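# Provided below are the primary sequence and the corresponding predicted coordinates.
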Number of protein chains: 2
Amino acid sequence: MLKRYLPILTWLPHYNRRLCGADLLAGMIVTIMVIPQSLAYAILAGLPAVVGLYASILPLLAYTLLGTSSTLAVGPVAIIALMTGAALTGVAAPGTPEYLQAALVLSLLSGGMLTLMGLLRLGFFTNFLSHPVIAGFLSASGILIAATQAAHLLGIEAQGYTAAGLGINLLGNLPATHFPTLAIGAGSLIFLVAIRRWGKRTLSRLGLPENLATLLARAGPVFAVVITTVVTWQFGLADRGVAVVGDIPRGLPPLTLPGFDASLWQSLLVPALLISLVGFVESVSMAQMLAAKRRQRISPNQELIGLGGANLAAAFSGGMPVTGGLSRTVINFDAGAQTPLAGLFAAIGIGLVTFALTPLLTHLPIATLAATISVAVLTLVDIPMIRQTWRYSRGDFSAMALTILLTLGDGVESGIIAGVLLSMAIFLYRTSRPHSALVGRLPGTEHFRNVERHDTETASQVALLRIDESLYFANARYLEDTVYSLVASRPELEHVVLICSAVNLIDASALESLDAINARLKDSRVTLHLAEVKGPVMDKLKNSDFLDDLTGRVFLSTYAAWEELSREPESR
Amino acid sequence: MLKRYLPILTWLPHYNRRLCGADLLAGMIVTIMVIPQSLAYAILAGLPAVVGLYASILPLLAYTLLGTSSTLAVGPVAIIALMTGAALTGVAAPGTPEYLQAALVLSLLSGGMLTLMGLLRLGFFTNFLSHPVIAGFLSASGILIAATQAAHLLGIEAQGYTAAGLGINLLGNLPATHFPTLAIGAGSLIFLVAIRRWGKRTLSRLGLPENLATLLARAGPVFAVVITTVVTWQFGLADRGVAVVGDIPRGLPPLTLPGFDASLWQSLLVPALLISLVGFVESVSMAQMLAAKRRQRISPNQELIGLGGANLAAAFSGGMPVTGGLSRTVINFDAGAQTPLAGLFAAIGIGLVTFALTPLLTHLPIATLAATISVAVLTLVDIPMIRQTWRYSRGDFSAMALTILLTLGDGVESGIIAGVLLSMAIFLYRTSRPHSALVGRLPGTEHFRNVERHDTETASQVALLRIDESLYFANARYLEDTVYSLVASRPELEHVVLICSAVNLIDASALESLDAINARLKDSRVTLHLAEVKGPVMDKLKNSDFLDDLTGRVFLSTYAAWEELSREPESR
């Protein structure tokens, strides 16, 4: 029991020196790599840079104890930071204590929801987010984030969390572009794109071992940060108007208590739910992908608890909502992390930096951070996936398109909610007109096939109707329609047999429709029969009065129904 | 084309004297019967009584031209009146010109939506309302309506559209009970219940023909109205504080123009949609039931246009939202109506009453109307259906219970919206863990069955996995889980074959999951195959890159896959 909720107990006893060495190295590498992005994502959410560091310490520790993935690295990530910023600006002004407080409440709510969902084993909730909706949401978010960063690259002001708002601000303030900032930003951007595209290959050609080349290429942002920080510091660019991270309080994360304010909690409830779901989906799919590479398993419900614990830790240590981050996890995996202890070592590393080394970050230009984010988030814009969805299914594409348009035009929340509702509606529509076929007997056999596609034996007084879908509220009325049309068009009909071989479920609505069909056919003196009803469906029907009221019989096979009904003398 | 949208053109040419006689009689009977309920439902909606009459004239005429049911009678009905009242009190104070105006706008919006849905053939929208949600909603509404009427029966004030609000008002004002009113109300109530229960039987025993006995028993409300009106008038009870209908302006329905006020329209949009959907569902199921009794057909999409036209007519003739009413339709059907012209005759009859005879209604006590409504709506409370749903399915019952609780506690809109969302969620949950089974070969045959239930041949390097559900976003991740568990638990596995005989649909999410499964199995050096893919599903897959990337093959039958893969020499 304890092992189920504390996965660390299963693997810690087998921990050894070899594993420890690997984890220690990975932890150190992750420490160095994630500091710039932690600062950047806090700024993206409208929070002080240091909040990003705080959110990378205790949350990582909590996940180490509770999580099931051996390589997942938890901390602030771009999408969640964007959603956090959008949610917080709705309830407080950036830079105020209320804004900081709201970030804690958001972490607390999100952590609570995730933990609760994990304990209640509600991981299936995330199934509501279909792939096209997520892909559309990530693409639109990538564009929104890049737009927010464009302002930092240009050294101008541009606030807002919709494309229109950001666009207008950007264009309006364009004349105020600050050229020293632009030089640093554009320089970093070009450097990062170049190292991303050619770095690994070039370093390999220079004779470096494959692993080291990969690592150095990944470390591009660290070099950009170091170089631009030194330049800014040496030339005193901060005094000439280049925005820098500035003074970061030195010390361990503070102990914070998210306050209770009913109206604040209420207005953050929906954002917290969406942040939880999106964060979990992103995190768990990545964890699954990496686990599969090593033929390991993760437990989605325990992952909910792990991420929930991480967010609760963030709420009580001055942080912001967190989840498993793509880039930090990939770095961890590639650096050879073997167990979640790698995360513990990274947490200690980041803790040490926060405790002692923050003065080194004072002169780090915001524009450099903006460049690292921009390069990272543009990979979220998944044009091939959009094109592929269009080719594969117009219905799925429409859900994706709505998500993209609303996310850009009205904000992250409307986008994702509308996408989810539309994809449910599309699915219900698809199953609301189930395929059904009149079947007849292949002469001389016990097989029955669609009368329109095969030469079959039929009898004018018997209709054998095969239903190719579970029967539930969305198609119950369609079933009624189908049967009534059939009866209205064939006055000589005496028996209707519904063949239920593909019916996995009959819900209460469909049961009522069957009742209605039975009663109305009785009024028209037609008998209703069932055939090939599956065991679990039959068990449920026995809990109702339907079988007692049924005018006809339940046949085990279509053949049995045919033998019985087609031989009856015609009564009319 | 014209015939499709004006069904009257199909049947009017065949009209004859016999049909006309029957329709004329039915029209006259309906006229007398529906006047009290028309007044009562207008009062229930917080509107002047005469609005109920107006809403029974032109709307009925519009439906005659556009509708497809030969017996449906359109006008104000209890549920729609309740929903109208709840919606209007949100935007205006009862008794003000704004309230009247809002009623017209609501009719206009509802009429526009219904017509549009009909033209776009969106009748399937109503499939979203599952039977348990509707039954729960009707039961809760019945209770709410009875509570509003209790106040009229007691002669006290009690406003509100939630159980708590009404209950508190009722209890608080109970000491102010007006006994003359109570006498009239309780007397009418007892009379109506008695005639409903024993009227027909007693009259039959007295030697009246069956038909006449039925008709007279149905006419109970008319007798109650006549008797109490005469008593009230003779004893001058109105002056002693008994609330009466009062002066009703004589004359034809006025021409009204619903004004355009953006904020009013916006706040009435959701109520109008819900009123349209609920009204349509109620109306069309009743029309279908009665049509089936005569082996006739109705067209649901044309019914939308018919009801849409009726509501537009209400909007321009001083009315309120209308739909096909249960009691007026049953009266029409039983009175022998043969074509929609019976509705025309009833419209003319009600028009004549409104034009000339409204002074007769001046002394009609409101308490009598309240008694007729109470008796009618308590049949909406469907305890057997609630019990049956509980017995049949806890999931469906929970949607029903939520609908009932929220309708009573928070109002009609929250009730129905929450019910719809929960029933969708339940369905997605049910299909999110599709049944799947590892199958093996029945020795010596080409049949494959569940390995856990039958003695079958299997091969350690091949897993044959049969999926018993369409693959879509709600179960895509579950499929991944299932396959990864399988692979993680059987290290000797080389081939996984997904048997898709029961898969009717693969949406973009499931396609991506299949892609992911394919890629991750490749990482673990396991080959993925498909078998028995249905034609339409295969056509869609050909529109994607999946088949090119697939590491294995697509087999026509499970047997072919088995033959090919089980004979391969084990490669590891």
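It's in. Numbering: from 1, shown residues only, chains lettered A, B, ... in the order given.
# wait, does stretch A:544-562 make contact with chain B?
Yes. Contact of stretch A:544-562 with chain B (Cβ under 8 Å from any Cβ of the partner chain) involves A:544-545. Quick note: C-beta positions are derived from backbone N, CA and C, even for glycine.
# Now A:Val74: phi and psi?
Backbone torsions for A:Val74, taken as degrees, to the nearest 10, come to phi -100, psi 140.
# swap in A:Leu464?
phi -100, psi 110.
# And the pLDDT at the residue of the stretch 1-150 of chain A found nearest chain B?
Of the residues in the stretch 1-150 of chain A, the one nearest chain B is A:Ser130, at a distance of 3.4 Å by Cβ to the nearest Cβ. Note for A:Ser130: predicted pLDDT of 85.
# residues touching the closest residue to it other than its chain neighbours, list them.
The shortest distance from A:Ser130 to any non-neighbouring residue, by Cβ to Cβ, 6 or more residues apart in numbering or on different chains, is to B:Phe473 (3.4 Å). If you count contacts by Cβ atoms under 8 Å, 6 or more residues apart in numbering or on different chains, B:Phe473 has them with A:127-131, A:423, A:427, B:507, B:509-510.
# Mind giving me the PyMOL select for the residues you listed, buried ones only?
Of these, the buried ones can be selected in PyMOL as follows, counting by 16 or more other Cβ atoms under 10 Å in any protein chain shown:
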select buried, (chain A and resi 127+128+129+130+131+423+427) or (chain B and resi 507+509+510)
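# which helix of chain A spans the most residues?
When chain A is parsed with DSSP state H, its longest helix is helix A:262-293.
# in that helix, what counts as buried?
In terms of neighbour count (16+ other Cβ under 10 Å), helix A:262-293 has its buried residues at A:264-265, A:268, A:271-292.
# Next, give phi and psi for A:Leu65.
Note on A:Leu65: its backbone torsions stand at phi -70, psi -30 [degrees, to the nearest 10].
# Closest residue of the stretch 301-450 of chain A to chain B?
Proximity of the stretch 301-450 of chain A to chain B (Cβ to the nearest Cβ) peaks at A:Asp396, 3.7 Å away.
# Surely that residue touches B:Asp507?
Yes. Using Cβ atoms under 8 Å, A:Asp396 makes contact with B:Asp507 at a distance of 5.7 Å.
# if you skip the residues just before and after it, what's nearest to A:Leu422?
Nearest residue to A:Leu422 in three dimensions, chain neighbours excluded: A:Ala399, at 4.6 Å (Cβ to Cβ, 6+ apart).
# Checking my notes, that neighbour in a strand, right?
No. Counting by DSSP: H, G, I helix; E, B strand; the rest coil, A:Ala399 falls outside a strand, being helix.
# check contacts around it.
Shown in contact with A:Ala399 (Cβ under 8 Å, 6+ apart): A:130, A:132-133, A:136, A:419, A:422-423, A:426.
# Helix or strand: which one has A:Gln159?
In this structure, A:Gln159 is located outside every helix and strand according to DSSP states H and E.
# Kindly report the same for A:Leu498.
Using DSSP H and E, A:Leu498 falls within strand A:495-499.
# Please identify the buried residues of the very next helix or strand once past that strand?
Helices and strands here follow DSSP H and E; after strand A:495-499, the next one along the chain is helix A:508-523. For helix A:508-523, a neighbour-count test (16+ other Cβ under 10 Å) marks A:508-518, A:520-521 as buried.
# which residues are in contact with the helix or strand following helix A:508-523?
Next helix or strand after helix A:508-523 toward the C-terminus (DSSP H and E): strand A:527-531. The contact list for strand A:527-531, computed with Cβ under 8 Å, 6+ apart, reads A:464, A:494-500, A:514, A:517-518, A:521-522, A:550-558, A:560-561, A:565.
# Any of these buried? List them.
Taking 16+ other Cβ under 10 Å as the criterion, what is buried in those is A:464, A:494-500, A:514, A:517-518, A:521, A:550, A:552-555, A:558, A:561, A:565.
# Figure out the helix or strand that the residue lying closest to A:Leu304 once chain neighbours are set aside lives in.
Leaving aside its chain neighbours, A:Leu304 sits nearest to A:Gly118 (3.2 Å; criterion: Cβ to Cβ, 6+ apart). Per DSSP H and E, A:Gly118 falls inside helix A:97-119.
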